[in-house]
Each structure stands twice: as C-alpha cells, then as structure tokens.
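S.K.: the following comprises the amino acid sequence and a computationally predicted model.
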Amino acid sequence: MDIIELFTKNLADFTWLLVFWMAYFAIHSLMASLRMKNYLAKRWPNLFPSYRLFYVVVASILLLPILWWLSQLPNQWVWQWRGIWWWLANGLAVLAILGFFISTRYYDMAEFLGFKQQQQNNRSVNDQQSLVLSPFHRFVRHPWYFFLLVMIWTRDMNLGFLLSAISISIYLWIGSYWEEQKLVIYHGEVYQKYQKAVPALLPLPWKYLTTDSLEHEIL
C-alpha cells in the first residue's frame, strides 16, 4: 500500500490527528498569551503565582492523548534512515539533545517551570529574568525550537509522525513570531537590535553574532 492510498484509506484518523494538534496549539498559545495572563492575574491574584507551573503541567498532560492516538495509526514508513544516513541523523539528534541540556545552564529553570513564582508568591505577568543570550543565541534566536526541529526531523517517519512533524514545525514558526511580540515588550530596543542580527529558527552561515558583537553591540 503506497502512502497516498494509506492516507486516503485512513483519512478520518489522520484528520483527527491534525485536529488534535491544532486544538493543542490553540490551547497552548491561549494559555501563554499576555491577555490571558493579565486576565487571570486580575481575576484570581492569589492563585496566579501557581499559574506558570499549572501551565507546564497542563501542556505536558495534553500531549499524552495525542501521542496515544499517534501510536494507534498505521505504522507504514514514509522513510527510514539507513547506513551512513542513520549515523548522521542520530548523531545530529544527540547533538541537539546535548545542546538543549547545555543551554539550560543559561536559564532560570525554576522560573521557567513555575516553581520560583510559586515559592516567592510572585503575581507579575512579566518574565522576571533579564534578557539572557547563551552561546547558541549567537546563531538562532530560539535555540530550543531549533534543537526540537532537529530532533523531530532526524527520526524515521511514518505518515502520522510526518504529519505531526509538519504541524509542529509550522506551529514553532508561528509561535516564535508571537513569542517575540512579548519579548519586544519585555526587552524593548535591545531585543529589536538582536532580531536584526540573528535568524529566528534556522542558522544562516552569513548571519550570526561574534562574541564581541554580542557583548558590545547588543547587550
């Protein structure tokens, strides 16, 4: 059975997969929006310090039914990495995972996960951490998104995973734009200068910051 025939035969199941992803992205974006945060901070100020942690937990739990649905779909491969390409794909995936964990050293992970806001009873809707640019930020403005894209696209692909990879990639592209609207609000002209100097998601050989330019021209 070829891929088109497989998709046509299971059209309803694959359509539901896309619907589930779109619903997840909508909920994720709504919960992360400044408008929602401002509303909740005014409506339930005493509960708001726990909102970030609640957001992280909900975002994680909502992934589970999608992953379960994905596991129920036909497992016919669109492509699989073989030979030297297997080593290259998995090598890149390992480097992306290492890059992600190394980059966490430059973030306040307690704040990112919401524990700090809860412990300090912080009711502010704004990020409390100043603009932090890790070495990876010299090449892309959203290194975590870049690492996630590498990890996704270096996997063997069945049709369900391919549709999911495309959906996630589009959402990261759109979501990075929305996220940067907030970052400009938080960090102003400094972030706008940084936007002009470095690409958003994919590194470009001719567009990056040296260590000196990062320290003297941006920060």
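M.R.: That came through fine. Numbers count the residues shown, from 1 in each chain.

S.K.: tell me, what residue is most central in the protein?
M.R.: In the chain, the C-alpha nearest the mean C-alpha coordinate belongs to Y145, at 4.6 Å (Cα atoms, centre = their mean).

S.K.: contacts only, for it.
M.R.: Contact analysis of Y145 by Cβ atoms under 8 Å, 6 or more residues apart in numbering lists 172, 175-176, 201. C-betas here are computed from N, CA, C, even on glycine.

S.K.: identify, from those residues, the entry nearest to F139.
M.R.: Relative to F139, the closest of the contacts of Y145 is L201; by Cβ to Cβ it sits at 10.6 Å.

S.K.: assign that closest one to helix, strand or coil.
M.R.: Put simply, L201 is coil when judged by DSSP: H, G, I helix; E, B strand; the rest coil.

S.K.: pretty sure it contacts L149?
M.R.: Yes: taking Cβ atoms under 8 Å as the definition, L201 is a contact partner of L149 at 6.9 Å.

S.K.: and those two? which has more neighbours close in?
M.R.: It is L149, of L201 and L149, that has more neighbours when counted by other Cβ atoms under 10 Å, with 20 against 16.

S.K.: element containing that one?
M.R.: Taking DSSP states H and E as the definition, one finds L149 inside helix 143-153.

S.K.: pLDDT of the next helix or strand after that helix, averaged?
M.R.: In the C-terminal direction, the helix or strand that comes right after helix 143-153 (DSSP H and E) is strand 157-158. Average pLDDT, strand 157-158: 92.
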